[in-house]
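In: Please work out how this folds:
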Amino acid sequence: MVEQNKRELTTQQVVVSSRWNPTPEQLQTLEELYRRGTRTPTAEQIQQITAQLRRYGKIEGKNVFYWFQNHKARERQKRRRQLESLSDDQQQPPNNNTNNNNQSEKEEKRE
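Out: Next up is the predicted model:
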């Protein structure tokens, strides 16, 4: 009898989804809410957003909560990288000025 239970378990397909994958409609709605200024939704807002997004597919409140948290963190990280690259560009002297200076010096020596 135990052997029969083992066979049943191995033949049954168990579908366990460990990760939420938003549908294009869910993603579009979340991004629109973010663009309109929603950064850290309240528990009540999360429930409302979740109910709205459920029309497009499976979703839980925690998915909405973590999406906003991650999106905000990625935006901050992107902004920080852009600022760092701007400051790096300003600190490096341009290369083409050195060639112009050398030519000016050569011309001055000729005169």
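In: what pLDDT, on average, does the helix or strand containing Tyr66 get?
Out: Element membership for Tyr66 (DSSP states H and E) is helix 61-91. Averaged over helix 61-91, pLDDT sits at 95.
In: so where do the strands sit in the protein?
Out: In the chain, no strands are defined using DSSP state E.
In: Number of residues surrounding Gly57?
Out: Neighbour count for Gly57, taken as other C-beta atoms under 10 Å: 13. C-beta coordinates here come from the backbone N, C-alpha and C atoms, glycine included.
In: Could you report the distance from the residue nearest to it when sequence neighbours are not counted to Glu32?
Out: Nearest residue to Gly57, sequence neighbours excluded (C-beta to C-beta, 6 or more residues apart in numbering): Thr23, at 4.4 Å. Separation of Thr23 from Glu32 (C-beta to C-beta, to the nearest Å): 14 Å.
In: okay, those two: which has more neighbours?
Out: Thr23 (14 against 10).
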